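Participant: Okay, structure incoming, though there's no sequence with it:
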């Protein structure tokens, strides 16, 4: 498809004005940061903050501290930062034995998401609260990785017998999903075997793994995605049309841009957006960063992304994820899973969509499919429309 139809934008949910002020206060310098802080600071005096805003408070505190802001609210922010730093330290301490065990089993590892950002770009273990260790292994080594982690005491975050059943049928479960949450002594670990959840195929994984750079976490060798790759992954996650507005992604993306500066490979960003058919997500995300937090996105990069057509694949995905209304959300959720089923590169693949859904959502009776679909769609719809 070509022409204007191919370039029809598929809009994502924007970050709201209040969260944009918070981002500016946390990320900008001098008068621009202080002006945003003056407008936003009364939000701390009211009720609960919007989802995601609390995760920006440690970053806000460090920026205001650097600017020598005098305000009694900083005492509260200081406590939030220290709590974040402590929790991150205890969680990152858990990574060393995990990485050593996987390395001893000759399993490659790649840190993802907030874990990779903290280790490689934020340069401060307290500014980005971590809810879990985010770790990826090659798809062909996922079963061995699960076995190694099980020996360390990590267990699937399913209740009761479900966890035991999952371990018993791990190869089949792992072929139908892209991530598994594990827990150990109150800590969480997200074990992934595809780098980009939106592109769960080996050619995409190979692109990210080949460019990954080596780092050390608590003295143990591992990898994080190349800065351009991590920027694209962060933008795509932030622009998911089925998600509620989520401000921390913008701070994460800005951290990569500002940390790497002129060394960031912008041509690779454009090439990835084109090759992965995620041009709309990357274009919208970088446009928001440039407009909202003055991120230094080169004009020629923005022009190159604007010239990329929205692929039919990305348009279908975003329409399926962002269908308004509960009835449309039901249909959209089903279309989204149909896309995953059609794009599945795993073998053997379930014989039918109904069988695929029963295995992914773990129900046995075929008559339960409408009930399960309705329940999952309702939860997803509420997450989008409720504050």
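Facilitator: Sure thing, it's come through. Owing to the predicted nature of the structure, the values given are computational and were not obtained by experimental measurement.

Participant: hang on, residue 114 packs against residue 251?
Facilitator: No - when contacts are counted by Cβ atoms under 8 Å, residue 114 is not listed as touching residue 251 (10.3 Å). C-betas here are computed from N, CA, C, even on glycine.

Participant: shared neighbours of those two, which are they?
Facilitator: Common contact partners of residue 114 and residue 251 (Cβ atoms under 8 Å, 6 or more residues apart in numbering): residue 128.

Participant: With neighbour numbers in mind, choose between these two.
Facilitator: Between residue 114 and residue 251, residue 251 has the larger neighbour count (other Cβ atoms under 10 Å), namely 25 against 22.

Participant: quick one: the more buried one and residue 309, what's the gap?
Facilitator: In this view, residue 251 and residue 309 are 30 Å apart by Cβ to Cβ, to the nearest Å.

Participant: Kindly report the same for residue 89.
Facilitator: Between residue 89 and residue 309 the computed distance is 46 Å (Cβ to Cβ).

Participant: and the two? which has more neighbours close in?
Facilitator: Ranked by neighbour count (other Cβ under 10 Å), residue 89 and residue 309 place residue 309 first, with 19 against 13.

Participant: which SS class is the more buried one?
Facilitator: Put simply, residue 309 is coil when judged by DSSP: H, G, I helix; E, B strand; the rest coil.

Participant: where does it land on pLDDT?
Facilitator: pLDDT for residue 309: 88.

Participant: for it, phi and psi?
Facilitator: Dihedral pair for residue 309: phi -70, psi 150, per degrees, to the nearest 10.

Participant: Isn't it up against residue 279?
Facilitator: Yes - using Cβ under 8 Å, residue 309 is in contact with residue 279, at 7.3 Å.

Participant: Might you report the residue contacts of residue 295?
Facilitator: Residue 295 sits next to 253, 254, 257, 258, 286, 289 when contact means Cβ under 8 Å, 6+ apart.

Participant: now do residue 297
Facilitator: By Cβ under 8 Å, 6+ apart, the contact list for residue 297 reads 257, 286, 287, 289, 290.

Participant: Spit out the contact partners of residue 115.
Facilitator: Counting by Cβ under 8 Å, 6+ apart, residue 115 makes contact with 92, 95, 130, 133, 134, 135.

Participant: now, which of those residues sits nearest residue 247?
Facilitator: Residue 247 has its nearest neighbour among the contacts of residue 115 in residue 130, at 16.6 Å by Cβ to Cβ.
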